[in-house]
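A.B. asks: the sequence isn't on hand, but the structure is:
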């Protein structure tokens, strides 16, 4: 298997937090972003902005960048008993799980995975924002994730020019995903994976819609 694409982060984390905070507070989303993306009214994601008139069918490969993981501001201060190494292990685990889940969903929908930026590649830059964990088990990486806080933020770029083409923000709103109930906290890796699969379905559904595909 080819190694995953590694590029310097190109998303602005501060902007991601601002957008996701607006989702959580119910504030009206801007119709047009500062970089000219327009709001899509019928999106599967809670917020989606797309470059007007862009033809996404030209992108036959997806470059999935490593998922950025950001803890909720002040989380470390409120949980001084948890080590910084636990935070790093959590980031690494979630990044690996995100890649595995989303790659499987993309391949299942007929997309090819690129390992280098080039013409015809759509870069997907994801982030999980406002993460909170409790009582991590360093030996098994079983931990508690608060689903009330964590949010997904995604940017789509043209790999050749690095021009941004779309931006999306989403959070878990319902108290269940499929036939799995989601309470205030998700307590093991299996349930965390279900949450990632839920978001993978939403994101790939939007990619399908932009690309003219119907499978999801």
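C.D. replies: On my side now, so go ahead. This one's a predicted model, so the numbers in the text were calculated from it and none came from an experiment.
A.B. asks: now do stretch 102-113, average pLDDT.
C.D. replies: In this model, stretch 102-113 has a mean pLDDT of 94.
A.B. asks: which residues sit against it?
C.D. replies: Stretch 102-113 is contacted by residues 2, 60-64, 124, 126, 196-197, 200-201, 203-204, 207-208, 213, 215-216 when judged by Cβ atoms under 8 Å, 6 or more residues apart in numbering. Quick note: C-beta positions are derived from backbone N, CA and C, even for glycine.
A.B. asks: try it again at 6 Å.
C.D. replies: Stretch 102-113 is contacted by residues 61, 62, 200, 204, 215 when judged by Cβ atoms under 6 Å, 6 or more residues apart in numbering.
A.B. asks: which residue packs closest to residue 35, ignoring adjacent ones?
C.D. replies: Computed as Cβ to Cβ, 6 or more residues apart in numbering, the closest residue to residue 35 that is not its neighbour in sequence is residue 164, at 6.0 Å.
A.B. asks: ok, now residue 120?
C.D. replies: Using Cβ to Cβ, 6+ apart, the closest residue to residue 120 is residue 60 (5.3 Å).
A.B. asks: look up which residues are beta-bridged to the residue nearest to residue 50 when sequence neighbours are not counted.
C.D. replies: Setting aside the residues directly before and after it, residue 50 is nearest to residue 166 in space (Cβ to Cβ, 6+ apart), at 4.6 Å. Beta-bridge partners of residue 166, counted by DSSP bridges, are residue 50, residue 156.
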